[in-house]
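Participant: Here is a sequence together with a model predicted from it:
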Amino acid sequence: MNLRITPIKAALAASLAFGMAGQAQAYIHAGSSLLIDEMHVLVGQANQDGSFTPSSPSSVSVKNFQFTVTNTAALDGQLGATLATCGGTPSSNNCGVQPAQDVLYAGPANAPGSDTLRGPKVYGADGTLLWFEPTIGTSSTGSNWSNSDSIIHTAAAATSALFTPTHSDQIAESKLTGSENASATSIIDSITGFLLKFGVTSPDPVDMLFTFQADPDLIAEIWGELPYYVNSTSQASVNANISLNEDLGNKGVTWTPNGTATVNDCLTNGNGLTCTELADTQDLSTTVGTSTDNSFDQHSYGPNASGLTSFGILISGLTAGDWTLNLTGKVSTQMSHRYIPEPSSLALLGLGMVGLGFAGRRRKQA
């Protein structure tokens, strides 16, 4: 009798092994990063020749500032997170001391259960936060993981000068083969984790020149999915928003760079306040995604390679009072898929169960 049911057991084992082998071939990857460099905040007077004359400290002064970095990463519902914040005034704050130290760093977030872990301050060849899977269509690292990281290297107002350039970097990246879902989010709140409150005491309206360089990189891909994977999706997003608001009034400015240099996307609210877009070279608020096997979607993708382009606005009509400048940058990924055994595997499994039932009945009769 044992010899007769052995083929049935073998068929059952083969069907299960076949399903597991198919599961291991699935490959979904998504990632998003945003590098911001040479960010300058100048308050003063715009000249007709295109130059800019900063106001004296007696006319414009920093009241206070706050930086925040938040990293989260999730895998199959299990969350990992890191958070750090600092702030104060240029002469008294608890941020890192430049240039010997980074202004703010919380450490990477790795989702529990990840088989590839991101270490602290791991950089690629160009000195930006490392991409683990940089090549489209090639799986080389781990099976199931999700992580994110962000850092503010230098920042305006973290020293005694308002005009120190800001430099930050952030990344979120996830990969799946057999897990159900994964997501990673890396958030930097306010001017690359920067909220700046300053006061204008000049009797005449002043101007603000806000410029920076940025390099977004986004990829979403699905490769080698077998027919019994369903609802497979891969998505990556980046979003950068800039706002300036009068603290005790109704004047304000919002700007979301979206790569439309010929259209002024800088919007104002309040009499006497104007905003002109000077440079808008890439879309910094976009999403890429795919739900089709053996396909990918990307935006400005060139991981760990310099791709900085210029952005800038000129705001005029800032009157006396307190103002708050805020920039929020966010990169994120989201992906999922579900495994259902293919019909042939289910047929083998059913055959095995029927055979085992028949063998049990024969054993009882014997």
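Facilitator: Received, thanks. Numbers count the residues shown, from 1 in each chain.
Participant: quick one, helices of this protein?
Facilitator: 2-25, 343-365 (DSSP state H).
Participant: Which of those helices comes out lowest on mean pLDDT?
Facilitator: Averaged per stretch, pLDDT over the helices of the chain is lowest on helix 2-25, reaching a mean of 43.
Participant: Look up which residues are beta-bridged to residue 239.
Facilitator: Assessed by DSSP bridges, residue 239 has beta-bridge partners residue 285, residue 330.
Participant: For it, list the residues it contacts.
Facilitator: Counting by C-beta atoms under 8 Å, 6 or more residues apart in numbering, residue 239 makes contact with 284-285, 328-331. All C-beta atoms are positioned from the backbone trio N, CA, C, and that covers glycine.
Participant: tell me, how many neighbours does residue 135 end up with?
Facilitator: By the criterion of other C-beta atoms under 10 Å, residue 135 has 10 neighbours.
Participant: And the pLDDT at it?
Facilitator: Listed pLDDT for residue 135 reads 95.
Participant: ok, it to residue 215 distance?
Facilitator: 18 Å (C-beta to C-beta, to the nearest Å).
Participant: Helix or strand with the lowest mean pLDDT in this protein?
Facilitator: Every helix and strand in the chain was compared by mean pLDDT, DSSP states H and E; the lowest is helix 2-25, with a mean of 43.
Participant: quick one: contacts of stretch 112-120?
Facilitator: Residues outside stretch 112-120 that contact it (C-beta under 8 Å, 6+ apart): 73, 75-76, 78-80, 105, 107-108, 110, 130, 132, 141-149, 175, 179.
Participant: List the buried residues in it.
Facilitator: In terms of neighbour count (16 or more other C-beta atoms under 10 Å), stretch 112-120 has its buried residues at 113-114, 116, 118.
Participant: Disregarding residues adjacent in the polypeptide, which is nearest to residue 124?
Facilitator: Nearest residue to residue 124 in three dimensions, chain neighbours excluded: residue 304, at 3.2 Å (C-beta to C-beta, 6 or more residues apart in numbering).
Participant: neighbours around that neighbour, how many?
Facilitator: Neighbourhood size, residue 304 [other C-beta under 10 Å]: 16.
Participant: ditto for the one 5 residues further on
Facilitator: When neighbours are counted by other C-beta under 10 Å, residue 309 registers 14.
Participant: separation between it and residue 29?
Facilitator: Residue 309 is 25 Å from residue 29, by C-beta to C-beta.
Participant: Please consider this matter closed, and thank you.
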